[in-house]
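K.L.:
here is my input; please provide its structure:
(4 chains)
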There are 2 protein chains.
Amino acid sequence: MNGGLRERKRAATQETIERAAISLALEHGFENVTVDMICEASMVSQRTFFNYFGSKEGVIIGGTPAMPSNDHIDAFTRATGSNLLADFLTMITSSLLEREPDAALFKDRRTLIMRTPELLIRETARMSESEDQFVAIIMTRYEIQGLSPANQPELEDEARMVIALTAGVLRYVRHRWASSQPGASTRDLLSNSIELIHRITNDHSQQPKGTAH
Amino acid sequence: MNGGLRERKRAATQETIERAAISLALEHGFENVTVDMICEASMVSQRTFFNYFGSKEGVIIGGTPAMPSNDHIDAFTRATGSNLLADFLTMITSSLLEREPDAALFKDRRTLIMRTPELLIRETARMSESEDQFVAIIMTRYEIQGLSPANQPELEDEARMVIALTAGVLRYVRHRWASSQPGASTRDLLSNSIELIHRITNDHSQQPKGTAH
DNA sequence: CTAAATAAATGCATAGACTGCATAAAACAG
DNA sequence: CTGTTTTATGCAGTCTATGCATTTATTTAG
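P.N.:
Residues are numbered from 1 along each chain as shown, chains lettered A, B, ... in the order given. Model (predicted):
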């Protein structure tokens, strides 16, 4: 059942189409590439293309919304760290990185997404598509941390705000990813972003930063 | 030149189409309404529809990105308040509210947008479409506040993060708008949201909130 | 190994959003 | 009233996307 011919062929076809699409889009710009062009380059029918990815955008940003693995979720809900936003952001970025094992392809995708408004919009929207699931995950963490279920509504509000903020920050992170050097550490990038947020929300307007530390 | 027949007719046509579109979409759901249906209801050709709004979504969320008025921008750049994020958010929401004088129509739009994922995505994206202009506005404020232009790059980063965060928070605010009662104060909504953000970013995990304060 | 069952790939027809281009109708300026 | 400038429309065509029927390939049961 596993590793059968069918499964392997399916994976191969998917990869062929994806690579063709990314390559074409990098060369001509996403909006100047038609689905037919991608199909011809990857030798499948248009119908097959849509069977795999559902939409033209899907071939770049992924046909199905990315959900963190159970391991990541566990690590998040049980984290002892006190910074909810940082931990959540870490979970999300980890699962994004892990989704694409091929580093070069990962970066090509990022580059493409950042230079194509349409794609960036979609990718950003992905987070809120799964909003309810994320809320559930955050609520689990609250629960494990022993927060009283009494004020569940307030906690849920808080969770939604965390997700909204994360979606915003992710835009920033993606931008950095796309222009990063090979050795760049995502961990550092995240902690810098969190620090930046702190500066902003605790803004005292006087000597906000810059030369500081 | 002003108040001419042409201009008035144009405004009337636009309003007719918008009302027809919103009404139809509220009744049948945005995705079940075709452009042809809107055209028939408002007695214009399809071509005219696209001349006015550019896209099916445009008729709901507005054909052109909303930019705050000069008054709002001035108020923002010269604000003495120390909370950059709060001030920026205030400027944005004010200009959104002011854009639609008809309160009932404003709420219909919000309701529609919140119940239609596709529209919500677009509306959210609107903010980043004008990102560069917003960055410029924020930089002006920094300048007026006497921040050294020496660390301009860092300040620009900070500005972009503020915009990203605002985009996130706006999602939350819109949600509240759509479900709010007539008398609800936007000012209160904003200050509650800001407070929520503070709780999150200063999170101490122990007694984070709920019964507190 | 063969035949039935299952899954995948394809072709075809069609809807619906959107654009370019040419033309007709309306409003305006002098 | 006449020439100019804006709007409105018609029409043909492109492109994404979906439903349905058919063919082809893989798997599994006997």
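
K.L.:
skipping adjacent residues, who's closest to A:Thr201 in space?
P.N.:
Using C-beta to C-beta, 6 or more residues apart in numbering or on different chains and skipping the chain neighbours, the partner closest in space to A:Thr201 is B:Thr201 (4.6 Å). Where you see a C-beta, it was placed from the backbone N, CA and C, and this is true even at glycine.

K.L.:
cool, and A:Glu131?
P.N.:
In this structure, A:Glu131 finds its nearest non-sequential neighbour in A:Ile163, 5.8 Å apart by C-beta to C-beta, 6+ apart.

K.L.:
and the pLDDT for the one you found?
P.N.:
At A:Ile163, the model reports a pLDDT of 90.

K.L.:
how is chain A divided into domains?
P.N.:
Following the assignment in automatic domain parsing, chain A carries domains at A:5-61, A:70-201.

K.L.:
gap between the longest one and the chain center?
P.N.:
Which is domain A:70-201. The chain centre lies 7 Å from the centre of domain A:70-201; the measure is C-alpha atoms, centre = their mean, to the nearest Å.

K.L.:
do the shortest one as well
P.N.:
Average the C-alpha atoms of domain A:5-61, do the same for its chain, and the two points are 20 Å apart (C-alpha atoms, centre = their mean).

K.L.:
that domain: end-to-end distance?
P.N.:
With C-alpha to C-alpha, to the nearest Å as the measure, domain A:5-61 spans 26 Å from end to end.

K.L.:
quick check: mean pLDDT of that domain?
P.N.:
The average pLDDT for domain A:5-61 rounds to 97.

K.L.:
can you tell me if it touches DNA strand C.
P.N.:
Yes. Domain A:5-61 comes into contact with DNA strand C (C-beta under 7 Å from any atom of the strand), by way of A:Arg6, A:Lys9, A:Arg10, A:Thr13, A:Met43, A:Val44, A:Ser45, A:Gln46, A:Arg47, A:Thr48, A:Asn51, A:Tyr52.

K.L.:
now, which of those lie within helices?
P.N.:
Of those, the ones assigned to helices by DSSP state H are A:Arg6, A:Lys9, A:Arg10, A:Thr13, A:Gln46, A:Arg47, A:Thr48, A:Asn51, A:Tyr52.

K.L.:
which among those end up buried?
P.N.:
For those, a burial check counting by 16 or more other C-beta atoms under 10 Å in any protein chain shown picks out A:Thr13, A:Tyr52.

K.L.:
how about the residues of domain A:5-61 next to DNA strand C in TSV, adding distance to B:Val135?
P.N.:
As requested, the residues of domain A:5-61 next to DNA strand C are exported to TSV (distance: C-beta to C-beta, whole Å):
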residue	distance to B:Val135
A:Arg6	51
A:Lys9	48
A:Arg10	45
A:Thr13	43
A:Met43	45
A:Val44	43
A:Ser45	45
A:Gln46	41
A:Arg47	44
A:Thr48	43
A:Asn51	42
A:Tyr52	39
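
K.L.:
if we can go back for a sec, what about the residue nearest to A:Thr201, neighbour count?
P.N.:
B:Thr201 is flanked by 20 other residues according to other C-beta atoms under 10 Å in any protein chain shown.

K.L.:
does it touch A:His198 like I think?
P.N.:
Yes. With contact defined as C-beta atoms under 8 Å, B:Thr201 reaches A:His198; the gap is 6.0 Å.

K.L.:
and what about A:Pro68, helix, strand or coil?
P.N.:
Here A:Pro68 takes the coil state, with states given by DSSP: H, G, I helix; E, B strand; the rest coil.
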